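Peer 1: sequence and predicted structure, then a few things I'm wondering about:
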2 protein chains.
Amino acid sequence: MSLNPLKLAPQDCGDCPIRHRAVCSRCDGPELARLEEMKYYRSFEAGQNVVWSGDRMDFVASVVSGIASMTQTMEDGRRQMVGLLLPSDFVGRPGRTVAPYDVTATTDLVMCCFRRKPFEDMMATTPHVAQRLLEMTLDELDAAREWMLLLGRKTAREKIASLLAILARRDTGLKAKAAKGPISFDLPLTREEMADYLGLTLETVSRQMNALKRDGVVELAERRRIIVPDFDRLAEETGDDADGGFLS
Amino acid sequence: MSLNPLKLAPQDCGDCPIRHRAVCSRCDGPELARLEEMKYYRSFEAGQNVVWSGDRMDFVASVVSGIASMTQTMEDGRRQMVGLLLPSDFVGRPGRTVAPYDVTATTDLVMCCFRRKPFEDMMATTPHVAQRLLEMTLDELDAAREWMLLLGRKTAREKIASLLAILARRDTGLKAKAAKGPISFDLPLTREEMADYLGLTLETVSRQMNALKRDGVVELAERRRIIVPDFDRLAEETGDDADGGFLS
DNA sequence: TGATTGCCTTGATCAGGATCAAATGAAAGG
DNA sequence: CCTTTCATTTGATCCTGATCAAGGCAATCA
């Protein structure tokens, strides 16, 4: 099975670190118990590789803490990030045995894994699980398509602003665009990783970050902390329309 | 429900034009009969809109003939195609009511539709269907990610070659990269549509198409017909590695 | 403490593709 | 047949972001 991220709603996870409740929020008792039985944890250090493209993958997993990225690399070394896995994101593809992308821990990382076979068996016998996974995959597909718009049509400045807005939303848990008062969050990516996300070079990322700083859109604090004085202002810089597709 | 394409394997479709056998290749009798009951056809003229972003969508569908495209548009008019729907592709998202993208018929188009509600009901009671849809969605996600690599890291020439290779493969049904002898197929897109697919301008598309022609990679025949004297040669121009991810 | 290393910034220059503009070609309609 | 319209080509110029090259800064380690 190869890797794909499927977002789990954090609120479904309760205090269970593996958050697998979200996989089947309507399952009680037996299914949850079965999930509980087959789970195990793996941790990785920052920079360590989780799987290589082409590897056999015998598990699906969800991110407990830390961040991983999925990247594709061309023969001559050009790299494009195609997935960014944050806590509560799901990874893995029921039914596939080979990973199509490299997955790398960009920070220290803990994942909660389920062996593929029993997980698939449960999927086959528990309709809710398959449906929930389908829903999560559709969300991921939407995200990929917004990403495509970013890669294909946005300017460097808009790309940076978009990425910061995405991270800010994920980190602070805000769904809507509007937000009063300053927001701050940790930037978990290096300039190079941001560049790979955005289809830019690291120099351009650096320049545009500082341009946004000069213009008062963000402040760059110690230890890669980002302060956003006015989220709406940042949102304006993304090039997205104000209401931004939060309809279901 | 909003739109997403899910590829159906044409070989699963038998002689049924709606190809819904592929939705549940393991279903016999009752499920197929239910699908048969709820289906209806819609046709569109080239250029006509199927749904607008934000519209309510009460059906899922598969493309019977013709081509449709999903596009996202920014306020200032910049456009990015995020999905290209060829015959046998599936469109629609069980569980969602609002389309997130514009869907437009780029040629005359016939779609076979299923009302969303009964389709969802069948999904809920027929595990195979949900699993099959999940599989198709995962394929679509893979395609989106390859598209992301194209948008973020490929040169204009590589982008054009990649698109032509994709269309050639779909049109001629070849799975592998290798192909002896010349291939020809119809280019169903205008220069502008190609540009929207590739994140380029139509002028750049035109120039690079003619560059590929000058270099003998393709021939541009009458009525938008494309002749590829040597598919391997075209494949080399895409920037993808030779084996190209045809592992499952 | 100094050296190394990884990450980031900054500068100078270049080039790939965008933009603006005009001409050509082909199909459709009166 | 001429006109209109739309798709495409081609040319000239511009500009954004890439590339090449140094230098700075902070953390880590000997």
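Peer 2: In hand now; what should we look at?

Peer 1: use CA for all of it now, contacts and neighbours both
Peer 2: Will do.

Peer 1: which strands or helices does the biggest helix by length in chain A pack on?
Peer 2: Longest helix of chain A, by residue count under DSSP state H: helix A:127-153. Under the contact definition 3 or more C-alpha pairs under 8 Å, 6 or more residues apart in numbering or on different chains; DSSP states H and E, helix A:127-153 sits against strand A:5-7, helix A:116-125, helix A:156-172, strand B:79-85, helix B:116-125, helix B:127-153.

Peer 1: figure out which of these is closest to DNA strand D.
Peer 2: helix A:156-172 (3.8 Å; C-alpha to the nearest atom of the strand).

Peer 1: alpha carbons of that closest one, in PDB - could you do that?
Peer 2: Extracted in PDB, the C-alpha atoms of helix A:156-172 (Å, rounded to 0.1, in the frame of the first residue of the first chain):
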ATOM      1  CA  ALA A 156       5.500  33.700  -5.200                       C
ATOM      2  CA  ARG A 157       4.100  36.200  -2.700                       C
ATOM      3  CA  GLU A 158       0.700  34.600  -2.800                       C
ATOM      4  CA  LYS A 159       2.100  31.200  -2.500                       C
ATOM      5  CA  ILE A 160       3.900  32.100   0.700                       C
ATOM      6  CA  ALA A 161       0.900  33.800   2.100                       C
ATOM      7  CA  SER A 162      -1.300  30.800   1.300                       C
ATOM      8  CA  LEU A 163       1.100  28.400   3.000                       C
ATOM      9  CA  LEU A 164       1.300  30.500   6.100                       C
ATOM     10  CA  ALA A 165      -2.500  30.800   6.200                       C
ATOM     11  CA  ILE A 166      -2.900  27.100   5.900                       C
ATOM     12  CA  LEU A 167      -0.500  26.400   8.700                       C
ATOM     13  CA  ALA A 168      -2.000  29.100  10.800                       C
ATOM     14  CA  ARG A 169      -5.400  27.600  10.400                       C
ATOM     15  CA  ARG A 170      -4.300  24.100  11.200                       C
ATOM     16  CA  ASP A 171      -2.200  25.200  14.100                       C
ATOM     17  CA  THR A 172      -4.800  27.400  15.700                       C
END
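
Peer 1: how about that helix against DNA strand D, any contact?
Peer 2: Yes - residues of helix A:156-172 are located near DNA strand D by C-alpha under 7 Å from any atom of the strand, namely A:156-157.

Peer 1: where does the residue positioned nearest the centre of chain A land on pLDDT?
Peer 2: By C-alpha atoms, centre = their mean, chain A has its centre lying nearest to A:L85, at 3.1 Å. Listed pLDDT for A:L85 reads 95.

Peer 1: identify the spatial nearest neighbour of it, chain neighbours not counted.
Peer 2: A:A68 (5.0 Å; C-alpha to C-alpha, 6 or more residues apart in numbering or on different chains).

Peer 1: same check on A:G152?
Peer 2: Here the residue nearest A:G152, using C-alpha to C-alpha, 6+ apart, is B:G199, at 4.3 Å.

Peer 1: how about the contacts made by A:G199?
Peer 2: For A:G199, the contact set (C-alpha atoms under 8 Å, 6 or more residues apart in numbering or on different chains) comprises A:80, A:151, B:151-153.

Peer 1: bridged to the residue nearest to A:L85, which residues?
Peer 2: A:L85, A:A105 (DSSP bridges).

Peer 1: give me every residue that touches it.
Peer 2: A:84-86, A:103-107, A:109.

Peer 1: check A:L86 too.
Peer 2: A:63, A:65-68.

Peer 1: and if you look at A:A165?
Peer 2: A:231, A:234-235, A:238.

Peer 1: next step: those residues restricted to helices.
Peer 2: Taking DSSP H as the definition of helices, these contribute A:231, A:234-235.

Peer 1: for chain A, where's the lowest mean pLDDT among helices and strands?
Peer 2: The least trusted helix or strand in chain A, going by mean pLDDT, DSSP states H and E, turns out to be strand A:5-7, with a mean of 40.

Peer 1: circling back to that earlier point, quick check, pLDDT for the residue nearest to A:G152.
Peer 2: With respect to pLDDT, B:G199 has a value of 98.

Peer 1: quick check: residues of chain A near DNA strand C?
Peer 2: A:189-192, A:202-207, A:209-210, A:224.

Peer 1: filter those down to the buried ones.
Peer 2: Among these, those that count as buried by neighbour count (16 or more other C-alpha atoms under 10 Å in any protein chain shown) are A:191-192, A:202, A:204-206, A:209-210.

Peer 1: what's near enough to touch the residue nearest to A:P118 when sequence neighbours are not counted?
Peer 2: Once flanking residues are discounted, A:P118 sits nearest to A:M38: 7.5 Å by C-alpha to C-alpha, 6+ apart. Listed by C-alpha under 8 Å, 6+ apart, the contact partners of A:M38 are A:114-115, A:118.

Peer 1: using PyMOL, define a selection of the buried residues within these.
Peer 2: Here is the PyMOL selection string for the buried members of the contacts of A:M38, based on 16+ other C-alpha under 10 Å:
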select buried, chain A and resi 114+115
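
Peer 1: make CSV out of the contacts of A:M38 and add pLDDT.
Peer 2: Supplementary listing: the contacts of A:M38 in CSV, determined by pLDDT from 0 to 100:
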residue, pLDDT
A:F114, 88
A:R115, 89
A:P118, 87
